[in-house]
Structures are given as C-alpha cells and as structure tokens.
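J.: need a structure here:
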Amino acid sequence: MKGWETRVEKKVRLKERRYELDQLMKEKRSEEMEALEEVFDKSTLMIIYHMLNTGELKKIHGVIKAGKESRLYWGIGPRGKEVAVKIYLTSSTEFRKGRLVYIEGDPRFSRAKRDTRALVYLWAQKEFKNLEAAREGGVKVPKPIRVNRNVLLMEFIGRNGVPAPLLREAELKNSVRVYGKLLRYVRLLYVRSNLVHGDLSEYNVMIWREQPVLFDLSQAVPLDHPLANMLLKRDVENLNNYFGSIGVKVEPLDKVVSWVVGQGGD
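T.: Here you go, the predicted model:
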C-alpha cells in the first residue's frame, strides 16, 4: 500500500510540474519564444524561462546567426543592456565528430562524458572559460555573463540588435594597425591566457569602434594540447593570408610564431 501511494504521489507531482511549465510557457510566450520552441528541446527552453524569471534576461529577440552547431540570438538584459544569447544545439549530428578532438586533448575536461548532450554542455562551458581567460589576458572578446548547460549569455558586440561587421566585411581605416593588433592578441592569448584560438580568421573577428574583437573561442585549446603548435601556425597563416590579400605587408610566418611564443623579443 505504501509503495502504491508513493507511485501516485510521484504522478501527481509530475502532473503539477507539467502544469507549472505549461503556465510558465503561456506567460512568457511571444513570437520569438514560439520560434525558439520549434528548434529547442524542453530542457533548453526551461533554461531560457529560468533566465527570464530571474531577470538575467529581460527579452529575447530574433536570430542573429544560425549555424549547424548553434544559434545566436539578440537579447536584452538587466538595465536594458544588450546581450547575446548563444544556444548550442543538443541535437547536432555533426558536433561529436567535428569537435571531440579539441576536447580530448584538453586536460581541463579529461573526465568529461562522451555522449553528445554532455559534450554540447561541455562545449558551452569551454567557451565561457576561454572567454574569461582571454579577457583576463587583455584580449578584446565578448564579456561572458553566464553559462547554463547549452545556453551562454555574453556581451553583445554591436548596437540595437545589429552586430558589428566581420573583419572580412568591414571597411578598415588602418588595416596595418588592425593586423598588428590581432597579432598582439594572438600573443596575449598565448603568454597570458595560455590559449591558442585554433580557428582564427577574417570570419571570427568583428570590428567594433575601429577595434578588432575575437569571438567563437569554444575551440581554443591550452598550450599543452597536442595540437596547440599546429593550430597556432594555422591562426597566424590565416591572418597573413587575409591581410596579404588586401595589400598589407605581412611578417613571415616563422618570425611571427617565434615572437608569439616569446622567442622573438618585444
């Protein structure tokens, strides 16, 4: 009899939680939230609703950027401040094979589970930690605000819902100065943050108020990662290829890499 009562109580509590969720969804429902519901599972939506209820997020608007692994939304945070809401897709079939290599060699996450959902949660946490480390090292990146499972809140780089242009889209007043600034960021990441970006190119840099801003740091790796040296050379080579293509006289790859790792003076 006691066991039967326990099962009944569990069913009642479950129905109560479902009712509370339904009521919450009705209260918070909007065109934007309906669009979210078409893409994300209930666990992700609950995180968004929690952020709305706690005031971490006042509003969430349309998609800024949609990729295979994540979607970026424009939101409004406390005191009307614009925020970016990055939501990683827990159903992405490409995620595991495309990103596992960046995690497996990272000692910070050596005990992580290997199922897709756990890896997606880990990937969001990894980007949050990398953004923190980059900022502490003096590199201009979006300020991370909060990470909860597969949802990352961070500073919005842009104005009124319009993101800053990518490097490849921006009209640079002084491309030589931007090139030098980005090389300095690569070095600061290395010597102060102990990180290599790993995917740096004209597609992962924004230009805001004449200054470059690095983003998409989820794949950044620590210096003891087995791929760190290769990724560092690729980052520098990507920058050299782009700036060389727009007429900037670039420094030799080996010279830049030696300088980045502290073997080439100031």
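J.: Just the CA atoms of the helix or strand hosting M230, as PDB, please.
T.: M230 is part of helix 228-245 when elements are defined by DSSP states H and E. Only the C-alpha atoms of helix 228-245 are listed here, as PDB (Å, rounded to 0.1, in the frame of the first residue of the first chain):
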ATOM      1  CA  ALA A 228      48.400  23.700 -30.000                       C
ATOM      2  CA  ASN A 229      51.500  24.400 -32.100                       C
ATOM      3  CA  MET A 230      49.800  23.400 -35.300                       C
ATOM      4  CA  LEU A 231      46.700  25.500 -34.500                       C
ATOM      5  CA  LEU A 232      48.900  28.500 -33.700                       C
ATOM      6  CA  LYS A 233      50.700  28.300 -37.000                       C
ATOM      7  CA  ARG A 234      47.300  28.000 -38.800                       C
ATOM      8  CA  ASP A 235      45.900  31.000 -37.000                       C
ATOM      9  CA  VAL A 236      48.900  33.200 -38.000                       C
ATOM     10  CA  GLU A 237      48.800  31.900 -41.500                       C
ATOM     11  CA  ASN A 238      45.100  32.700 -41.800                       C
ATOM     12  CA  LEU A 239      45.700  36.200 -40.700                       C
ATOM     13  CA  ASN A 240      48.700  36.600 -43.000                       C
ATOM     14  CA  ASN A 241      46.700  35.300 -46.000                       C
ATOM     15  CA  TYR A 242      43.800  37.600 -45.400                       C
ATOM     16  CA  PHE A 243      45.800  40.800 -44.700                       C
ATOM     17  CA  GLY A 244      48.200  40.000 -47.500                       C
ATOM     18  CA  SER A 245      45.200  39.700 -49.900                       C
END
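J.: Mind listing what's buried along whichever helix or strand comes after it?
T.: Past helix 228-245, heading to the C-terminal end, the next element that is a helix or strand (DSSP H and E) is helix 253-260. Under the neighbour-count criterion of 16 or more other CB atoms under 10 Å, helix 253-260 has V256, V257, W259, V260 buried. The way it works is simple: take the backbone N, C-alpha and C, and place the C-beta from them, glycine included.
J.: which other residues reach helix 253-260?
T.: L183, V186, R187, Y190, V191, L232, K233, V236, E237, N240, G264, G265 (CB atoms under 8 Å, 6 or more residues apart in numbering).
J.: could I get those as CSV with neighbour count and distance to Y102?
T.: Formatted as CSV, the contacts of helix 253-260 follow (neighbours: other CB atoms under 10 Å; distance: CB to CB, whole Å):
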residue, neighbour count, distance to Y102
L183, 20, 23
V186, 24, 17
R187, 19, 21
Y190, 22, 17
V191, 13, 21
L232, 24, 14
K233, 16, 16
V236, 24, 18
E237, 16, 18
N240, 18, 23
G264, 14, 27
G265, 6, 31
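J.: any idea which of those is closest to S201?
T.: Minimum distance to S201 across those is 9.6 Å, recorded for E237 (CB to CB).
J.: Return the distance of the closest one relative to L200.
T.: Summarising the geometry, the distance separating E237 from L200, computed by CB to CB, to the nearest Å, is 10 Å.
J.: ok so, going back, name the nearest of the buried residues of helix 253-260 relative to V213.
T.: Of all the buried residues of helix 253-260, V213 sits closest to V260, with 19.2 Å by CB to CB.
J.: Can you tell me how far that closest one is from V139?
T.: Distance from V260 to V139, by CB to CB: 13 Å.
J.: what does Q219 give?
T.: If you measure Q219 against V139 using CB to CB, the figure is 15 Å.
J.: more crowded one of the two?
T.: For Q219 and V139, the more surrounded residue by other CB atoms under 10 Å is V139, and the numbers stand at 24 against 21.
J.: pLDDT score assigned to that one?
T.: Confidence at V139, expressed as pLDDT, is 98.
J.: pretty sure it contacts L183?
T.: No - using CB atoms under 8 Å, V139 makes no contact with L183, being 11.9 Å away.
J.: Give me the phi and psi for the spatially closest residue to V260 that is not a sequence neighbour.
T.: Counting by CB to CB, 6 or more residues apart in numbering, V260 lies nearest to R187, which is 4.6 Å off, once chain neighbours are set aside. With angles defined as degrees, to the nearest 10, R187 shows backbone torsions of phi -70, psi -40.
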